[in-house]
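got a predicted structure plus its sequence, pasted below:
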Amino acid sequence: MLNGSGIKVFSGTSHPELAEIIARRLGLPLGKAEITRSGIGETNVRIAESVREDDVYIINTGSGAVNTSLMELCIMIHACKIASAKRITAVIPLFPYARQDKKDKSRAPITAKLVANMIQKAGCDHVIREFNLVSCGQSHDVMLVSKLYAEPSAILYIRTHFNLDDVVIVSPDAGGAKRATSIADRLGVDFALFHKERKKANEVSRMVLVGHVKDKVAILVDDMADTCGTLCLAARHLTEAGVAKVYAIVTHGILSGNALESVMESGLEKLIVTNTLPQHANQVACPKIEVIDIGNVLGEVIRRSHYGESVSKLFHEVPY
């Protein structure tokens with residue numbers, strides 16, 4: 001809990017439910033901001049209270065109309081900057097264009113770096129950004145960034161919902177072996193992985209299972225569930241390999257296209273996602289969706305950031 005002195009928390013329009021959870025964790029009301037759209041789609045922002053010399057946190061995520069959310073975030077940052085905020089932190093559970101973080105072919109942009117530059121130029125001092133299951137790869141960010149990981153929340157969920165003697169952690173691809181082995185090691189269980197070949201993006205042609213899964217409860221782990229093609233195909237192969245049940249835990253439930261229908265028709269018992277993105281409508285449409293709340297974690301990160309405390313402890317345990 002904070003006493004409210006010197007700190008303001010504002011929400012964009014992309015995920016107000018998460019912002020409310022974070023504010024309750026901090027014991028603060030959300031800051032007053034008016035956000036409207038003009039007839040041609042331009043975003044208008046007015047910060048409706050003083051932020052002079054305050055430590056300001058703006059919560060917005062890369063969901064829905066991503067470009068609109070990104071522009072809204074930049075305008076809110078700029079509005080607070082010219083209103084003399086002392087420090088501005090953008091809290092972005094799913095960083096826009098996060099998957100476009102490297103130059104993988106000639107004349108291809110590094111869009112994640114461009115987005116980071118935009119946020120910094122708008123006046124942002126610090127970013128608390130996306131959850132991953134474990135730390136993977138390098139960042140192209142150009143400002144102070146606190147990266148968070150959903151591994152403690154996933155491990156807590158598994159410990160409290162499954163008999164570990166029956167569990168095997170499965171990576172849907174070889175690239176996710178690091179996250180699968182990290183989680184499996186912390187739980188003291190076995191792991192397996194799929195080697196997959198793609199014809200093109202989001203289309204898998206062949207998957208080969210490596211590891212022993214027969215009669216086990218298989219838990220697929222991944223950072224993002226977009227079209228869910230890979231997860232559903234992996235669930236089918238695991239069922240054919242003789243597992244007792246198949247679950248999936250992912251950080252970001254993007255669930256685009258026919259993802260919800262695919263999950264409903266798949267062999268997955270449940271698809272467990274965090275609430276880095278709004279999930280209420282997805283849960284209504286697909287009863288197999290279950291949500292892990294990460295609002296308390298983000299609230300604790302904000303509290304620690306405000307008081308200059310370390311956030312590294314949160315890489316290993318979930319705050320209460």
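Noted; the coordinates are in hand. Numbers count the residues shown, from 1 in each chain.

buried sites along whichever strand or helix holds Ser262?
Ser262 is part of helix 259-265 when elements are defined by DSSP states H and E. Buried residues in helix 259-265, counted by 16 or more other C-beta atoms under 10 Å: Ala259, Leu260, Ser262, Val263, Met264. For the C-beta atoms, the positions are set from N, CA and C on the backbone; glycine is no exception.

what's the spacing between the first one and Glu265?
Okay, so that is Ala259. Separation of Ala259 from Glu265 (C-beta to C-beta, to the nearest Å): 11 Å.

hmm, back to that, which one of the buried residues of helix 259-265 is nearest Asp104?
Ala259 (24.2 Å; C-beta to C-beta).

skipping adjacent residues, who's closest to that closest one in space?
Cys228 (4.2 Å; C-beta to C-beta, 6 or more residues apart in numbering).

so that neighbour touches Met264, yeah?
No: Cys228 lies out of contact with Met264 (C-beta atoms under 8 Å); the separation is 10.2 Å.

quick one: mean pLDDT for the helix or strand just after the helix holding Ser262?
Downstream of helix 259-265, the next assigned helix or strand under DSSP H and E is strand 270-274. The average pLDDT within strand 270-274 is 97.

and the helix or strand following strand 270-274, what does it pack against?
Next helix or strand after strand 270-274 toward the C-terminus (DSSP H and E): helix 280-285. Helices and strands touching helix 280-285, as assessed by 3 or more C-beta pairs under 8 Å, 6 or more residues apart in numbering; DSSP states H and E, comprise strand 289-292.

now do the next helix or strand after the strand it packs on: distance to the chain's middle.
Scanning forward in sequence from strand 289-292 by DSSP H and E, the next helix or strand is helix 295-306. With C-alpha atoms, centre = their mean, to the nearest Å as the basis, helix 295-306 stands 15 Å off its chain's centre.

which strands and helices lie in contact with helix 295-306?
Partner elements for helix 295-306 (3+ C-beta pairs under 8 Å, 6+ apart): helix 16-26, strand 55-59, strand 87-92, strand 126-132, strand 144-149.

helix/strand/coil for Lys196?
strand (DSSP: H, G, I helix; E, B strand; the rest coil).

and His237, by the same measure?
Per three-state DSSP, His237 ends up helix.

quick one on the thing from earlier: give me the helices and strands touching the helix holding Ser262, please.
Under the contact definition 3+ C-beta pairs under 8 Å, 6+ apart, helix 259-265 sits against helix 229-240.

so where's the longest helix in the chain?
Counting residues, the longest helix found in the chain (DSSP state H) is helix 66-82.

other residues contacting it?
Outside helix 66-82, the residues within contact range by C-beta atoms under 8 Å, 6 or more residues apart in numbering are 10, 12-14, 33, 35, 41, 43, 45-47, 51, 56, 58, 60-63, 88, 90, 92, 96-97, 115, 118-119, 122-124.

got the angle for that helix vs strand 87-92?
With axes from the mean of the first three to the mean of the last three C-alpha atoms, to 10 degrees defining the directions, helix 66-82 sits at 170 degrees from strand 87-92.

give the buried residues for helix 66-82.
Quick answer for helix 66-82 (16+ other C-beta under 10 Å): 69-81.
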